[in-house]
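Undergrad: Below is the sequence, then the predicted model.
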Amino acid sequence: MSAELIAKVVADIKAGRIYLDEPDPSSQTLNDDTALLAGWATVVDATEVWKRWMADSEGRLVYETHRICPPWQNALVCYVNSFNNVYVLSLRAIDMKDDTGNDEWASAKRDMVEQWDSMADTHVIDWSQVRWVMHVALYVGGMTNSAPFGPTMAPTAGPMHVWRLAIYPDGEIADINWIQVRPESVDTWDTAMMVLLDTLNMCNCVNVEVVEPSRSRPERRRLSRTGVTVTEIHVKPTSRSYRGIGTPLSQIPSSPLSSVRGHFAEYGEKYGKGLLFGKYSGRFWIPQHIRGSEIIGVSEQEYLVEP
């Protein structure tokens, strides 16, 4: 269901069908750019990431716990909430490192980036160390429950908010710059930003991939009519003791009753630790699981699961 709602909103964006209640030249220019980029953007269904964020009662540190090296130069990270509203975060990333030897191209990239001072009093941006600058624009659409007609498709609207992110080479966030484009408080969009950060955080793990899932024939046909390919997050097995392909995030439990919470783990010389199973290095997503569950399955070390 989420993929089809997302596909319809993305199709609107690709076609330039973006509603602006108070149009202005800068927003229209941004929407024109977004429509152009949507034609070749990777579309990611992050609804399961949103569900996990909403179920997490403990919250999360932003700068300290996220690693967000951009997996894509151009992507639409999307999710559907409990009201069937669709949120689409259009991200475009500029890599400040130039390996081509083309000084003219390197200079053009630098000119594309407007450096800013952090608005936080907890840190300053070391622009000499910034590897990527990411621009993000938020759009909304999907369903609305308007009386007396009941649930109907709402127009796709935006931009609702804009962010700029400076990112260091290891994925550490140098700064998040919030740009208010509408009268709503910036806090209104906290969840959207956290879903984006959590999605990028997961995609910075070596055992996580973004793929087009297996779908029923009717669903494939409905999606094909939109002209949009919707991918989702899968967690790959890391041990040969497991069989099968990556598991969709939606099939990995997120219930607070589980005895082991989902978490990130780092292995290898880079992190001052041994190798996972004596052979794997990198940053891994360890799914939430229940020890000893016959349904889920447990590794011998009791911390990595795969159905």
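TA: That came through, no problem.

Undergrad: any low-confidence regions in the chain?
TA: 98-106, 146-150, 238-247, 249-264, 275-280, 285-307 (pLDDT under 70).

Undergrad: what ranges do the helices span in it?
TA: Secondary structure of the chain by DSSP state H: the helices cover 2-14, 25-38, 47-55, 103-112, 190-203, 217-226.

Undergrad: can you redo these as TSV with distance to residue 164 and mean neighbour count?
TA: Backbone N, C-alpha and C define where each C-beta goes, glycine included. Below are the helices of the chain laid out as TSV (distance: least, Cβ to Cβ, whole Å; neighbours: other Cβ atoms under 10 Å):
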stretch	distance to residue 164	mean neighbour count
helix 2-14	20	23
helix 25-38	13	16
helix 47-55	22	19
helix 103-112	12	11
helix 190-203	12	22
helix 217-226	30	13
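
Undergrad: Return the set of residues that bridge with residue 86.
TA: Here residue 86 sits in beta bridges with residue 80, residue 141, going by DSSP bridges.

Undergrad: Hmm, residue 9 and it touching each other?
TA: Yes: Residue 86 lies in contact with residue 9 (Cβ atoms under 8 Å); the separation is 4.4 Å.

Undergrad: Show me whatever sits in contact with both of the two.
TA: 78, 141-142 (Cβ atoms under 8 Å, 6 or more residues apart in numbering).

Undergrad: Compare those residues and tell me which is most surrounded.
TA: residue 78 (29 neighbours; other Cβ atoms under 10 Å).

Undergrad: Who does the nearest residue to residue 174 once chain neighbours are set aside form a beta bridge with?
TA: Sequence neighbours aside, residue 166 is the residue nearest to residue 174 in space, at 3.8 Å (criterion: Cβ to Cβ, 6 or more residues apart in numbering). Counting by DSSP bridges, residue 166 forms beta bridges with residue 133, residue 175.

Undergrad: how about residue 166, what does it touch?
TA: Residue 166 touches 125, 127, 130, 132-133, 173-175, 177, counting by Cβ under 8 Å, 6+ apart.

Undergrad: Go through the helices of the chain and name the closest to residue 268.
TA: Residue 268 sits nearest to helix 190-203 of all the helices of the chain, at 18.3 Å, using Cβ to Cβ.

Undergrad: Next, the angle helix 47-55 makes with the closest one.
TA: Relative orientation of helix 190-203 versus helix 47-55 (axes from the mean of the first three to the mean of the last three Cα atoms, to 10 degrees): 120 degrees.

Undergrad: Please name every helix or strand in contact with helix 190-203.
TA: helix 47-55, strand 74-80, strand 85-95, strand 230-235 (3 or more Cβ pairs under 8 Å, 6 or more residues apart in numbering; DSSP states H and E).

Undergrad: Quick one: closest of those to residue 161.
TA: Residue 161 lies closest, by Cβ to Cβ, to one member of the helices and strands packed on helix 190-203: strand 85-95, at 9.4 Å.

Undergrad: Can you report how many residues neighbour residue 152?
TA: Using other Cβ under 10 Å, the number of residues around residue 152 comes to 9.

Undergrad: Tell me what it is bridged to.
TA: Listed beta-bridge partners, residue 152: residue 144 (assigned using DSSP bridges).

Undergrad: wait, it sits on residue 144?
TA: Yes: here residue 152 reaches residue 144: they are 6.1 Å apart, a contact under Cβ under 8 Å.
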